[in-house]
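Enquirer: Any chance you can model this:
(chains A and B)
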Amino acid sequence: DAGITQSPRYKITETGRQVTLMCHQTWSHSYMFWYRQDLGHGLRLIYYSAAADITDKGEVPDGYVVSRSKTENFPLTLESATRSQTSVYFCASISGRVTNSPLHFGNGTRLTVT
Amino acid sequence: RKEVEQDPGPFNVPEGATVAFNCTYSNSASQSFFWYRQDCRKEPKLLMSVYSSGNEDGRFTAQLNRASQYISLLIRDSKLSDSATYLCVVNGIYNQGGKLIFGQGTELSVKP
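Expert: Below is the predicted model:
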């Protein structure tokens, strides 16, 4: 099915471990985004990508790494997970011009760092 | 001041009521505005875009006031199924990238 999919849906990991969250979209959208959502903070942008091999920091990038070697994939890596990174992570993409196009979200990854 | 601010609520209303949410934004250069709906921390889903002249979709009406830098969402004849969190989203362009800035969301609970 076409769309944007995230994996895994749920993940529990230990402090200090490296974790990679996957995001795959079948629309060939240029722009892709990673957000985290925490109670009291709403959705906050971690990183975004305008195209393959072009990435940029968002509001809360520390502790995260992204890559975009192919248009359809935008993985997010926590290099050394911390408890403060326990959150719900949403990947999203935009179909057209960023100035007037809505986001399409994946169904989220719920990450718990113990 | 936050870039996008919403009243977090919760708004508790009876079925059939009319309820309105406001959202203010700080970047006067913002070009696009949206309302999203989110259920129980699932992925947000687009409810409607907000156009300069205002727009309506069934029981939902969105308006934009550029002079005062706020957008609004009006829900008429509330249904139980309208219970959700409503997110205001404003486009804030920085450099070459697009950063859609989310408000914290307004929680709506429609009661029988």
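
Enquirer: Flag every buried residue along the top strand by length along chain B.
Expert: For chain B, the longest strand by residue count, based on DSSP state E, is strand B:84-94. Neighbour counts over strand B:84-94 (16 or more other C-beta atoms under 10 Å in any protein chain shown) mark B:Ala84, B:Thr85, B:Tyr86, B:Leu87, B:Cys88, B:Val89, B:Val90, B:Asn91, B:Gly92, B:Ile93 as buried. Glycine gets a C-beta too; all of them are placed from N, C-alpha and C.

Enquirer: Show me what the fifth one is bridged to.
Expert: Which is B:Cys88. Beta-bridge pairing of B:Cys88 under DSSP bridges involves B:Trp35.

Enquirer: and it, what pLDDT?
Expert: With respect to pLDDT, B:Cys88 scores 94.

Enquirer: from memory it sits against B:Ile71, does it?
Expert: Yes: between B:Cys88 and B:Ile71 there is a contact at 6.3 Å, judged by C-beta atoms under 8 Å.

Enquirer: Mutual contacts of the two, please.
Expert: Counting by C-beta atoms under 8 Å, 6 or more residues apart in numbering or on different chains, the common neighbours of B:Cys88 and B:Ile71 are B:Cys23, B:Tyr25, B:Phe33, B:Trp35.

Enquirer: Can I get those in a markdown table including pLDDT and secondary structure?
Expert: As requested, the shared contacts of B:Cys88 and B:Ile71 are arranged in a markdown table below (pLDDT from 0 to 100; DSSP: H, G, I helix; E, B strand; the rest coil):
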| residue | pLDDT | secondary structure |
| --- | --- | --- |
| B:Cys23 | 95 | strand |
| B:Tyr25 | 92 | strand |
| B:Phe33 | 91 | strand |
| B:Trp35 | 95 | strand |
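
Enquirer: hmm, which two among these are most spread apart?
Expert: Farthest apart among the shared contacts of B:Cys88 and B:Ile71 by C-beta to C-beta are B:Tyr25 and B:Trp35. That separation is 12.9 Å.

Enquirer: between the two, what contacts are shared?
Expert: Listed as contacting both B:Tyr25 and B:Trp35 by C-beta under 8 Å, 6+ apart are B:Ile71, B:Cys88.

Enquirer: Who has more neighbours out of these two?
Expert: A side-by-side neighbour count of B:Tyr25 and B:Trp35, using other C-beta atoms under 10 Å in any protein chain shown, places B:Trp35 first with 25 against 22.

Enquirer: Closest one to A:Cys91 out of the shared contacts of B:Cys88 and B:Ile71, please.
Expert: The nearest member of the shared contacts of B:Cys88 and B:Ile71 to A:Cys91, counting by C-beta to C-beta, is B:Trp35 at 20.8 Å.

Enquirer: For that closest one, list the residues it contacts.
Expert: The neighbours of B:Trp35, taking C-beta under 8 Å, 6+ apart as the test, are B:Leu46, B:Leu47, B:Met48, B:Val50, B:Phe60, B:Ala62, B:Ile71, B:Leu73, B:Tyr86, B:Leu87, B:Cys88, B:Val89.

Enquirer: Which neighbouring elements make contact with the longest strand of chain B?
Expert: strand B:4-6, strand B:19-25, strand B:33-38, strand B:70-75, strand B:97-102, strand B:106-111 (3 or more C-beta pairs under 8 Å, 6 or more residues apart in numbering or on different chains; DSSP states H and E).
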